[in-house]
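Student: below is the structure, and that's it, no one-letter string:
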């Protein structure tokens with residue numbers, strides 16, 4: 001988890017071999033888990049394992065994950081050529097590592113101490129990312145934007161990007177710099193936003209625990225700090241899906257606290273008293289995130305329908321691809337392409353008249 005936080009290998013880095021150490025750590029973790037954690041445990045751990053098996057399908061889940069990973073590897077090999085073999089296998093090994101980590105996590109996390117440690121590491125990592133993102137949002141990005149507007153060619157040259165004036169590469173670079181948000185260790189703001197709800201939810205949990213006299217006062221203070229820093233970082237990413245997911249998770253957390261507390265009391269009057277502050281809290285959270293959207297750039301709201309339709313085009317093209325290549329698709333990397341009758345279309349430099357579709361979409 002710590003390694004992935006500093007080397008996320010998102011975007012196209014994975015195709016270029018950026019996930020090699022992640023794959024290595026995943027396979028080593030799987031091997032050590034299989035050696036130290038037998039398939040059939042005994043005593044208290046056996047009961048926990050059987051509970052997990054009933055909830056998630058037991059060994060069938062592991063088998064399904066490994067079959068899917070193997071299927072991806074076969075697809076990468078079968079579709080090369082015309083696909084790029086190196087890029088395809090780089091992504092296929094990522095699927096192998098994902099199956100290995102899923103298998104390991106389903107066994108290691110049956111132990112309560114492992115769950116506590118994993119959650120603690122996750123909260124610490126995401127809070128550190130939030131601090132980094134806030135610094136980028138308030139200091140680094142404004143300075144970079146000012147430098148770019150003062151001398152665009154100099155920044156392009158320092159970045160080592162071949163992006164002449166009026167080129168598409170220059171436009172993409174400018175749009176991401178001038179309109180994009182903080183990314184921390186990721187390459188894209190949306191990738192970071194997917195994790196920033198963790199410190200917000202963890203902070204809310206700490207405050208609620210303090211209100212219920214289960215946590216000390218300093219825990220509530222840290223929770224408030226985590227919520228503030230995580231909320232500012234999340235707002236800075238301008239990710240609509242990130243804000244929505246955080247809102248849903250917060251409301252879900254409030255509902256869980258209400259259920260836990262109301263189950264301890266048979267008094268309908270007490271349940272009604274608890275329902276009022278929880279409902280008000282949920283509405284307040286919704287208003288806060290709505291206010292963030294209204295105070296943001298108008299494009300933040302106007303672009304939402306177009307962004308959603310653009311992603312629906314990905315799925316439309318994927319369905320068209322599956323109709324032509326139902327077993328192995330067109331490979332894994334973005335260089336594997338196939339002719340599509342409908343959907344998202346793209347021209348290649350090798351054949352300007354050949355209409356293609358990227359399997360990454």
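Tutor: Here it is on my side, so go on. Being a predicted model, the structure only gives us computed values, none of them experimental.
Student: make it CA atoms for all contacts and neighbour counts henceforth
Tutor: Will do.
Student: show me what the helix or strand hosting residue 107 is packed up against.
Tutor: For residue 107, the host element (DSSP states H and E) is helix 85-108. With contacts taken as 3 or more CA pairs under 8 Å, 6 or more residues apart in numbering; DSSP states H and E, helix 85-108 sits against helix 20-36, helix 59-78.
Student: which stretch among these is buried most, on average?
Tutor: helix 59-78 (a mean of 17; mean count of other CA atoms under 10 Å).
Student: could you check the angle that helix makes with helix 85-108?
Tutor: 170 degrees (axes from the mean of the first three to the mean of the last three CA atoms, to 10 degrees).
Student: got the contact list for the helix holding residue 107?
Tutor: Outside of helix 85-108, the residues that reach it under the criterion CA atoms under 8 Å, 6 or more residues apart in numbering are 14-17, 19-20, 22-24, 26-27, 29-30, 33-34, 37, 49, 52, 62, 65-66, 69-70, 72-73, 76-77, 114, 331-333.
Student: could you do stretch 202-221 as well?
Tutor: 123, 222-227, 250, 253.
Student: could you list the low-pLDDT ranges of the protein?
Tutor: Of all residues in the chain, those with pLDDT under 70 make up the ranges 11, 37-57, 254-282, 284-286, 288-304, 333-361.
Student: how's it carved up into domains?
Tutor: 2-110, 119-296, 302-358 (automatic domain parsing).
Student: tell me where the stretch 201-350 of the chain has helices.
Tutor: 217-237, 240-263, 268-295, 299-324 (DSSP state H, counting those that start in this stretch).
Student: give the contact list for the residue nearest the centre of the chain.
Tutor: Nearest to the geometric centre of the chain sits residue 194, at 4.1 Å (CA atoms, centre = their mean). Shown in contact with residue 194 (CA under 8 Å, 6+ apart): residue 242.
Student: from residue 97, how far off is it?
Tutor: Shown here: residue 194 relative to residue 97, a distance of 21 Å by CA to CA, to the nearest Å.
Student: quick check: the nearest residue to residue 77 once chain neighbours are set aside vs residue 324, distance?
Tutor: Using CA to CA, 6 or more residues apart in numbering and skipping the chain neighbours, the partner closest in space to residue 77 is residue 85 (6.9 Å). For residue 85, the distance to residue 324 (CA to CA) stands at 21 Å.
Student: if you count what's nearby, which of these two comes out ahead?
Tutor: More crowded of residue 85 and residue 324, by other CA atoms under 10 Å: residue 85, with 19 against 14.
Student: thinking again about what came up before, looking at the helices and strands packed on helix 85-108, which is closest to residue 172?
Tutor: Residue 172 lies closest, by CA to CA, to one member of the helices and strands packed on helix 85-108: helix 20-36, at 27.7 Å.
Student: please enumerate residues in contact with the closest one?
Tutor: 3-4, 90, 93-94, 96-98, 100-101, 103-104, 107-108.
Student: any of the residues you listed buried? List them.
Tutor: Listed as buried from those are 90, 93-94, 96-98, 100-101, 103-104, 107-108; burial here means 16 or more other CA atoms under 10 Å.
Student: could those go into CSV alongside distance to residue 133?
Tutor: Shown next, in CSV, are those (distance: CA to CA, whole Å):
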residue, distance to residue 133
90, 29
93, 30
94, 27
96, 31
97, 28
98, 27
100, 31
101, 28
103, 32
104, 31
107, 34
108, 31
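Student: out of the residues you listed, which one sits closest to residue 153?
Tutor: For the buried ones among the contacts of helix 20-36, the nearest to residue 153 is residue 90 (33.9 Å; CA to CA).
Student: gap between residue 171 and residue 181?
Tutor: 16 Å.
Student: of these two, who's got more company?
Tutor: residue 181 (25 against 14).
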